[in-house]
Each structure stands twice: as structure tokens, then as C-alpha cells.
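# sequence plus the predicted model coming up.
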Amino acid sequence: MKNLPIVLNVILIVAVIVLYILHFTGIGSAGHGRSGGGISGGVNTDDFAIAYINSDSLLKNYDFFSDLESKFNEKRDKLDAEYRNRAQGLQTEIANFQQNYSNMTISQARAIEEDLQKKQQNLVLYQEQLTRQLMEEEQKMNSELFDKVSDYLKDYGMDKNLQLVLTYTKGSGVLYANDSLNITHDVIFGLNDAYKNEKAGQSKKGAEKSTDADTTVVN
């Protein structure tokens, strides 16, 4: 899905957030002395557990996103085929009109021409409708993707005692991130495992409903 806007890549203020934390907690400030692992008069650096996810790798390897992408492409191609069929039909009518124009009366030609103009206008409106429909579908998919990842990270962050999880990819606000902070692989594994279980549960429910529907009660 080449043009799909990914919300995970929109977070471009990561560096500002980190600088905000460093400034207001005194971390890295020359005016504060260190005492053990903490900061005199400030907050212990261990309290700020930060990790990052490579969003490109996440999107490439997250099965849920792959399924969303496939469904979107299938729907987009279907709508595109419907539009092309309508456009081709109108083009055929226009060609027939031009071919038979000399055999028509002025009133006949004018009536057909007005009808073709209306059909052309309707085709433009139909194209705009399909564009809006696909944009809404993209927004819905982005929302689902964001909710899936953020909901998982809430539990993951609590379990790993993380206070901040960033996205890190080329073009983002992060110029450098130590590999020890990279939790991409771990998160992808957890997300795919959760999605696999979710799909298995849905398949089980679907099979149970199908069985119930096929069962007849004999008195």
C-alpha cells in the first residue's frame, strides 16, 4: 500500500520530548551532582526507562498490518475496476455519438449531448466518492493499527517498567539510538502472538455459530 499514511511514523517530536525530560529532571545538567545512580535534588535516572521501536520493521513484520494492507488493496482494486468500467462505458457512448452525429437531427444530437454531459458529471462525482471512501478506509485502518500497538505497549511497558517508548526510523527526530534500547523484535513477536490467538478465537466462535445454525432440534 504505497500511499497509506502510517500514524506510527508521524511522531517527529521525539527529540523535543527527550530534551524536555532531560531539562526538567536535571539529567545531564552540569549544575547537579551525581549521587550513586541518581541525581542530587532530582530524579534517579533509572526511573526513566526508555525504549524504541523501528516502525519500518514493525509494519513489515506485523501480521495484523499485512492483513489490513491486503484487504485494503483488494477493496481499492475492486473500486478502481468499477470506476474503469463506468468510464469505459461512457467513452463508448461518446464514440458512438460522434460516429452517428451526422445522421441525427439537431434536437436529437442536443438531447444526447446533454445526456452525455450529465453522465460525465456523475462519473466525476463517483470518482470523488470513491476517493473519499478510500481515505476513510485508510483512516480507519490507521486507527486500528495505532490502537493495537499502543494497547499492547501499555501492558508491555508496565511489565518491563518502561516510561517512554519511541518510534525510530529514518526521517524521524532521533539521530541516534543505542541498540540496547531496541525492543522491536520483542514487540513484533508479542503482537503477532496476540494476533494469532485473536484470530484463533474468532475462528472458533465462527465455527460454533455455524454448528449452531446447522443443528436442528427434533421434538
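Arrived safely, thanks for sending. Numbers count the residues shown, from 1 in each chain.

# so which helix or strand takes in residue 51?
Using DSSP states H and E, residue 51 maps to strand 50-53.

# export that strand as CSV, just CAs?
The C-alpha trace of strand 50-53 is given here as CSV (Å, rounded to 0.1, in the frame of the first residue of the first chain):
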residue,chain,number,x,y,z
ILE,A,50,13.2,4.5,27.6
ALA,A,51,13.0,2.1,24.6
TYR,A,52,12.3,2.4,20.9
ILE,A,53,10.7,0.5,18.1
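
# who are the contact partners of residue 99?
For residue 99, no contacting residues are found, by CB atoms under 8 Å, 6 or more residues apart in numbering. From N, CA and C alone the C-beta is placed, and that goes for glycine too.

# could you check the helix or strand containing it and say which residues are buried?
Element membership of residue 99, judged by DSSP H and E, is helix 63-100. Neighbour-count burial for helix 63-100, counted by 16 or more other CB atoms under 10 Å, picks out 64-65, 68-69, 72, 76, 79, 83.

# and residue 176, its phi and psi?
Residue 176 has phi and psi values of phi -150, psi 140 when expressed as degrees, to the nearest 10.

# can you tell me the centre-most residue of the protein?
The residue lying closest to the centre of the chain (CA atoms, centre = their mean) is residue 142, at 2.9 Å.

# so how far is residue 65 from it?
Distance from residue 142 to residue 65, counting by CB to CB, to the nearest Å: 10 Å.

# thinking again about what came up before, just how off-centre is the helix or strand just after the strand holding residue 51 within its chain?
Downstream of strand 50-53, the first helix or strand assigned by DSSP H and E is helix 55-61. Chain-centre distance of helix 55-61: 12 Å, with CA atoms, centre = their mean, to the nearest Å.

# try stretch 145-159
That offset, for stretch 145-159, works out to 16 Å (CA atoms, centre = their mean).

# which parts of it are buried?
Buried residues in stretch 145-159, defined by neighbour count with 16+ other CB under 10 Å: 145, 148-149, 153, 156-157.

# what mean pLDDT would you report for the helix or strand encompassing residue 128?
Using DSSP H and E, residue 128 sits in helix 106-160. Across helix 106-160, pLDDT averages out at 95.

# what pairs with the helix or strand following it, parallel or antiparallel?
For helix 106-160, the succeeding helix or strand toward the C-terminus, using DSSP H and E, is strand 164-167. Paired neighbours of strand 164-167 in the sheet (DSSP bridges): strand 50-53 (parallel).

# report the buried residues of the strand it pairs with.
51-53.

# what is the mean pLDDT for it?
Per-residue scores along strand 50-53 average to 92.

# and it, how far out from the chain middle?
20 Å.

# try stretch 98-110
Distance, stretch centre to chain centre, for stretch 98-110: 51 Å (CA atoms, centre = their mean).

# and for stretch 106-121?
The answer for stretch 106-121 is 43 Å, by CA atoms, centre = their mean.

# one more: stretch 108-124?
Counting by CA atoms, centre = their mean, stretch 108-124 is centred 39 Å from the centre of its parent chain.

# nice, that's everything, thank you.
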